[in-house]
Each structure stands twice: as structure tokens, then as C-alpha cells.
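1. just the structure for this:
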Amino acid sequence: MWYYAFKYVFLGPILRLLGRPKIEGLENLPAHGPAILASNHLAVMDSFYLPLMVPRRIYFLAKSEYFTGTGLKGAFQKWFFTAVGQIPIDRSGAEAAAGALSAARRQLEAGELMGMYPEGTRSPDGRLFKGKTGLARVALDTGVPVLPVAMINTDKLNPPGSIIPRPARIVVKIGKPLNFARYEGMQGNRFIERSITDEIMYELMQLSGQQYVDIYAASLKNQEPAEQAPPSAA
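-> Next up, the predicted model:
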């Protein structure tokens, strides 16, 4: 209930006023059944504008820090992110990554839409960075289609480190679904997972118009890049 209240009553009208958003390729979104929305990640607002523009409910993986705050502020933050469809994950190691991917599989097995960021974190400079293979693993395990999604200008409305949004024209582009049925039974093959991930990133590059960089975004944030890290919201 709160998801749709925020979408249509409390936050949605404000976001529409600030971003004047439009969506392209909505016909590529399945009317029902599971799918992964594989999006580039420019700003925190990506996780607000994509659900705003898509009629079906979308679930996202979100870093656990959003749910572990203390006091009244922490309690409100935990309630809010839960209400808008964020699933908490611990990104601190391989076991945490496995748990995050299991959470994504459960939502897909329930017939839901799962939003995932293959870059693993927000782009530090607006370019498109190398994708991590967690999303490919989920796609192989579940057999669901993957829809590339390009978020455009969210970094202008919500620059890194900013608190107050700046008006900008937001565009959401949904590409044609990618089907990886040809790799059925090849789960666990890291070369196949890398091939699928690179195919997704190529489609995102074409759709978004971003410059592609063949390094992990996390490496530019002085974090150790890890192939096993989950594709999560940051």
C-alpha cells in the first residue's frame, strides 16, 4: 500500500515536477511475470524514477546501511526503504553476495520485476563502467529475460553528494529483452557469466550513449573491486 501511496500521492507528483520525466520503450516491459531490469546507475534517484515511470512494482537490492540507522531517523529510514520495495543486503563479502543474489531469485520466482545495477555502485563520473557478474548468475539460474534500462540525466538532478535536487529532464529508456536461453545448464561457468554481463553492458552503452570504461566503478572510489560482489543499489 505504501509503495503506491508514495508513487502516486506523496513523492510521485514532486518527482514529476522536478524531473519532467518521460519513458521510451515501455512496450518492451512484460505485462506480467518475472524479469530483470538491468540499469545503468548514475544517481540515488535512479531507484525512484524507474519505479515512478513503470506501472508494475519493482524491487531493488539496497545496501544494508539504509536499514541499520539508529534513533528516530534510522527507524524512519528503515520503514521508508522497506515500503518502497528495497531489499537490504550486506555487501561486505562473498557470503553476503550469495545472500543478495538469493534474495533476487526469490522475488523473480514470485513473478516480480527485479531492478539490478550491474555496475554494482553509482558511476563516479557519468561514464558506464564494467559490469559485475552477479546479475548474469541470477539470469542463468532463473531463466528470466533481462531488459536493459538507461537512466538519463538523473545525475544532473541528483549530482553525487548533493542533497537538494536540481531540476533536469529525466528520460528512462527500456530496451528490448535479452534472452540467454542458449546458455541453459552453463551456470557456474565464469566465462559464460562474463560474456552475458558484457552483452548487457554493451546494450546499456548503446541505449544510454555513455562512454564505456572497462574497469569497475568501485576501483575509482578506492574500493577493492570484486567479481563476486552483487549488483546492488548504492
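
2. next, the buried residues of the biggest helix by length in the chain.
-> What stands out as the longest helix in the chain, according to DSSP state H, is helix 190-208. Neighbour-count burial for helix 190-208, counted by 16 or more other Cβ atoms under 10 Å, picks out 192-201, 203-205, 207-208. Quick note: C-beta positions are derived from backbone N, CA and C, even for glycine.

3. which outside residues touch that helix?
-> Helix 190-208 has contacts (Cβ atoms under 8 Å, 6 or more residues apart in numbering) with 38-40, 118, 128, 130-133, 135-137, 139-140, 146, 148-152, 173, 175, 178, 180, 183, 186, 210, 212, 227.

4. do that again at 7 Å, thanks
-> Helix 190-208 has contacts (Cβ atoms under 7 Å, 6 or more residues apart in numbering) with 38, 40, 118, 128, 131, 133, 135-137, 139, 146, 148, 150, 152, 173, 175, 178, 180, 183, 186, 212.

5. and stretch 38-48, by the same measure?
-> Outside stretch 38-48, the residues that touch it by Cβ under 7 Å, 6+ apart are 11, 15, 50, 60, 115-119, 121-123, 126, 128, 135, 146-151, 154-155, 157-158, 200, 204, 208, 210, 233.

6. what about dumping the CA coordinates of stretch 39-58 to CSV?
-> Once non-C-alpha atoms are left out, stretch 39-58 reads as follows in CSV (Å, rounded to 0.1, in the frame of the first residue of the first chain):
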residue,chain,number,x,y,z
SER,A,39,20.0,-0.4,-15.3
ASN,A,40,23.0,1.9,-15.5
HIS,A,41,23.4,3.7,-12.2
LEU,A,42,24.1,7.5,-12.2
ALA,A,43,22.4,8.6,-9.0
VAL,A,44,20.3,7.6,-6.0
MET,A,45,17.3,9.0,-7.9
ASP,A,46,17.6,6.1,-10.4
SER,A,47,15.8,3.9,-7.8
PHE,A,48,13.0,6.5,-7.6
TYR,A,49,12.4,7.5,-11.2
LEU,A,50,12.5,4.0,-12.7
PRO,A,51,9.6,2.8,-10.4
LEU,A,52,7.8,6.1,-11.0
MET,A,53,7.7,5.5,-14.7
VAL,A,54,7.0,1.8,-14.8
PRO,A,55,3.4,0.7,-14.0
ARG,A,56,4.4,-2.6,-12.3
ARG,A,57,6.1,-2.7,-8.9
ILE,A,58,9.9,-3.1,-9.0
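
7. give the rounded mean pLDDT of it.
-> Averaging pLDDT along stretch 39-58 gives 96.

8. pull the distance from that stretch to the chain's centre.
-> With Cα atoms, centre = their mean, to the nearest Å as the basis, stretch 39-58 stands 7 Å off its chain's centre.

9. sort out which residues of it are buried, please.
-> 39-43, 45-54, 58.

10. distance of the residue of the chain most remote from its centre from residue 87?
-> No residue in the chain sits farther from the centre than residue 71, which is 28.3 Å out by Cα atoms, centre = their mean. Counting by Cβ to Cβ, to the nearest Å, the gap from residue 71 to residue 87 is 23 Å.

11. can you name the element that comes right after the worst-scoring helix or strand of the chain on mean pLDDT?
-> Counting by mean pLDDT, DSSP states H and E, the weakest-scoring helix or strand in the chain turns out to be strand 86-89, with a mean of 79. Using DSSP states H and E, the helix or strand that directly follows strand 86-89 along the chain is helix 94-109.

12. in terms of secondary structure, what does that following helix contact?
-> Judged by 3 or more Cβ pairs under 7 Å, 6 or more residues apart in numbering; DSSP states H and E, the packing partners of helix 94-109 are strand 58-63, strand 86-89, strand 113-116, helix 134-142.
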